[in-house]
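# take this sequence and fold it.
(4 chains)
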Protein chains: 2
Amino acid sequence: MKPIALAPSLTEQAYQAVVDEICDGALASGSRLVQEQLAKRLGISRQPIQQVMGLLKADGLVEDAPGRGMLVAPLDASLVTSRYQIRGAMDGLAAQLAATRAGSLVGVKDQIARRGRSIVKAGIAAIESKAIKRMVAYDVEFHNFVYECSGNSLITATCEPHWLHLRRAMSEVLRKAAPPEDIWKQHENILNAVLEGDAKNAKSLAIKHVEQACEGLTNALTV
Amino acid sequence: MKPIALAPSLTEQAYQAVVDEICDGALASGSRLVQEQLAKRLGISRQPIQQVMGLLKADGLVEDAPGRGMLVAPLDASLVTSRYQIRGAMDGLAAQLAATRAGSLVGVKDQIARRGRSIVKAGIAAIESKAIKRMVAYDVEFHNFVYECSGNSLITATCEPHWLHLRRAMSEVLRKAAPPEDIWKQHENILNAVLEGDAKNAKSLAIKHVEQACEGLTNALTV
DNA sequence: ATTCCGAACTCTGAATTCAGAATTCAATAT
DNA sequence: ATATTGAATTCTGAATTCAGAGTTCGGAAT
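Prediction:
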């Protein structure tokens, strides 16, 4: 009887706002972030902003620039590779667990199929729409969906900081080149393996997908 | 010419202090954390404490208790399992990468051997000393060492929040039962596989080690 | 012209203050 | 005895203020 909705604090709202600006490329690498300016821009005081900066620092999205404020961290191609390595391990785990779960609990299988296919469809449409933010958003959503299906509620949280950086890198790259053709075909294959309960295959498909994405992205970045 | 040391802020110091108290069990699950009390106890104002609470919330170590402050989060056995699943994937990845690196770069191999063996020795001594904090500390140190050896600088950061919770769980359990006999034997085997450059073996040993640790810990917790 | 020095400025971390939301508890009504 | 209501208390989020560290820039000395 109490599905309450609790109001997000200014800190949370500001965090989301700034994170999105950074990840969507509105704030370029190296941009100076001055607390007072941000505060004024968002119409709040410096206090919640300072809180936000602490979170962003923990995420590695900003760096200290003593005396000059904070800088949006440069996106380092080698770190992107590291993040993809980690995602490979996590996405593999998630796909494996999800397949096992889908294979044993017939109840969830239908739900997974329904939502999964809907995301795939939306993802394909997003690519056709050529809207970068939407393309990235659905890619993120698909993988977070698999994380959820794994039954391990911490995978999403573990990968989140990495996704922030990867969103940034993907946005950057997509501004210059189209996404790989078969990306949603790969997603669909992963989904199908999960639905078939084929843990082994789901895992290897997920890992392969991440490896290819990594290669594509780092190539485009280091050009 | 400037290997400078920058002073840790009050926020960072306070964060460390509180985190340690929670993870070492000095602050039991469900303890109330009141900002003003903490501030007084640490001899600082509420401002940095509030910052700290934000970080702790992000780590999942505390929960909001509207009107009553914050509570130290209960340690949930099912979440511990989830954390171990994640650690399995990460430790496997780290061991694999470390072995590959040790196998190809002969220079690093000696360094790894030296530091690795020293940690193993200290870990064994810690167990004989019966000092829980030291036992846990060296376990953490060994695994962080493997993470470092992997060459992927983000594995440590990715696992850190999980280690915080696992430290808590381990401390809890070790207060009632001795650690498994062969834990440092397992560590040593992992180290050796890494040194031999046997990536496949290092990975599977690391994963097996985590699985066993998970089983032991969850058994002890759910008793 | 270049380097060195210091004053003015900028920006952050920390302290203090303010306002609002939730809890607690006692008095009252049933 | 139990439930209800509302005032006092507690506690946090946010604003404001304060102090110190770092940068910038202009003038003096070489």
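# low-confidence ranges, chain A, go.
Residue ranges of chain A with pLDDT under 70: A:1-6.
# and the helices in it?
Remark: helices assigned in chain A by DSSP state H are A:10-23, A:35-42, A:46-59, A:77-104, A:106-129, A:132-149, A:154-174, A:183-196, A:199-222.
# how about residues contacting the shortest one?
Counting by CB atoms under 8 Å, 6 or more residues apart in numbering or on different chains, the neighbours of helix A:35-42 from elsewhere in the structure are A:14, A:17-18, A:45-46, A:49-50, A:52-53, A:69. Where you see a C-beta, it was placed from the backbone N, CA and C, and this is true even at glycine.
# and those residues near chain B, which?
Among the contacts of helix A:35-42, the residues lying close to chain B (CB under 8 Å from any CB of the partner chain) are residue A:50.
# neighbour-wise, give me the winner out of the contacts of helix A:35-42.
For these, the largest number of neighbours (other CB atoms under 10 Å in any protein chain shown) sits with residue A:52, at 28 neighbours.
# picking up where we left off before, most neighbours per residue, which of the helices of chain A?
helix A:77-104 (a mean of 22; mean count of other CB atoms under 10 Å in any protein chain shown).
# coming back round to it: restrict the contacts of helix A:35-42 to those near DNA strand C?
With the criterion set as CB under 7 Å from any atom of the strand, the members of the contacts of helix A:35-42 near DNA strand C are A:46, A:50, A:53, A:69.
# need the nearest residue in space to the residue sitting nearest the centre point of chain A, chain neighbours excluded.
For chain A, residue A:163 is the residue whose C-alpha lies nearest the centre (CA atoms, centre = their mean; 3.2 Å). Closest residue to residue A:163 apart from its sequence neighbours, by CB to CB, 6 or more residues apart in numbering or on different chains: residue A:140 at 5.8 Å.
# ok, residue A:173 next?
Counting by CB to CB, 6+ apart, residue A:220 is the residue found nearest to residue A:173 once chain neighbours are left out, at 4.3 Å.
# isn't residue A:188 right up against residue A:123?
No: in this structure, residue A:188 is not within contact of residue A:123 by CB atoms under 8 Å, at 9.3 Å.
# ok, residue A:207 touching residue A:90?
No: look at residue A:207 against residue A:90 with CB under 8 Å: they stay out of range, at 10.1 Å.
# contact residues of chain A facing DNA strand C?
Counting by CB under 7 Å from any atom of the strand, chain A sits next to DNA strand C at A:32-36, A:46-47, A:50, A:53, A:64, A:67-70.
# cutoff 10 Å now
Remark: the part of chain A in contact with DNA strand C comprises A:4, A:6-7, A:32-39, A:45-47, A:49-51, A:53-54, A:57, A:62, A:64-71, using CB under 10 Å from any atom of the strand.
# pretty sure residue A:150 contacts residue A:101?
Yes: taking contacts as CB under 8 Å, residue A:150 lies within contact range of residue A:101: 7.1 Å.
# and chain A, what are its domains?
By the assignment in automatic domain parsing, chain A contains the domains A:10-72, A:77-222.
# now distance to residue B:213 too, for the ones you listed, in CSV please.
Listed next are those as CSV, based on distance: least, CB to CB, whole Å:
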stretch, distance to residue B:213
domain A:10-72, 27
domain A:77-222, 17
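# closest one to residue B:82 among the ones you listed?
domain A:77-222 (4.6 Å; CB to CB).
# what's the end-to-end length of that closest one?
7 Å (CA to CA, to the nearest Å).
# now stretch A:173-184
OK, stretch A:173-184 end separation, CA to CA: 18 Å.
# neighbouring contacts of it?
With CB under 8 Å, 6+ apart as the criterion, stretch A:173-184 contacts A:25, A:120, A:123-124, A:127, A:132, A:135-136, A:139, A:212-213, A:216-217, A:220-221.
# how does it look with 6 Å?
Stretch A:173-184 is contacted from outside by A:120, A:123-124, A:132, A:216-217, A:220, using CB atoms under 6 Å, 6 or more residues apart in numbering or on different chains.
# show me which residues of chain A are close to chain B?
A:51, A:54, A:82, A:85-86, A:89, A:93, A:152, A:154, A:158 (CB under 6 Å from any CB of the partner chain).
# hmm, try it at 7 Å
Within chain A, the residues that sit near chain B (CB under 7 Å from any CB of the partner chain) are A:11, A:51, A:54-55, A:58, A:79, A:82-83, A:85-86, A:89-90, A:92-93, A:152-155, A:158.
# ok, and which of those residues reach DNA strand D?
By CB under 10 Å from any atom of the strand, the members of these lying near DNA strand D are A:11, A:51.
# show me how far stretch A:113-121 is from its chain's centre.
Chain-centre distance of stretch A:113-121: 18 Å, with CA atoms, centre = their mean, to the nearest Å.
# residue A:147 contacts residue A:93, doesn't it?
No: in this structure, residue A:147 is not within contact of residue A:93 by CB atoms under 7 Å, at 9.2 Å.
# so what sits against both of the two?
Shared contacts of residue A:147 and residue A:93 (CB atoms under 7 Å, 6 or more residues apart in numbering or on different chains): residue A:155.
# quick one: residue A:101 from residue A:146, how far?
11 Å (CB to CB, to the nearest Å).
# give me the number of residues near the residue lying closest to residue A:64 once chain neighbours are set aside?
Spatial nearest neighbour of residue A:64, excluding adjacent residues (CB to CB, 6+ apart): residue A:70 at 6.2 Å. Number of residues near residue A:70 (other CB under 10 Å) recorded here: 20.
# same check on the one 4 residues further on?
Counted with other CB under 10 Å, the neighbours of residue A:74 add up to 11.
# and the nearest residue to it once chain neighbours are set aside, backbone torsions?
Leaving aside its sequence neighbours, residue A:74 sits nearest to residue A:29 (CB to CB, 6+ apart; 4.5 Å). Main-chain dihedrals, residue A:29, degrees, to the nearest 10: phi -60, psi 140.
# what about residue A:178, neighbour count?
What residue A:178 shows, counting by other CB under 10 Å, is a neighbour count of 10.
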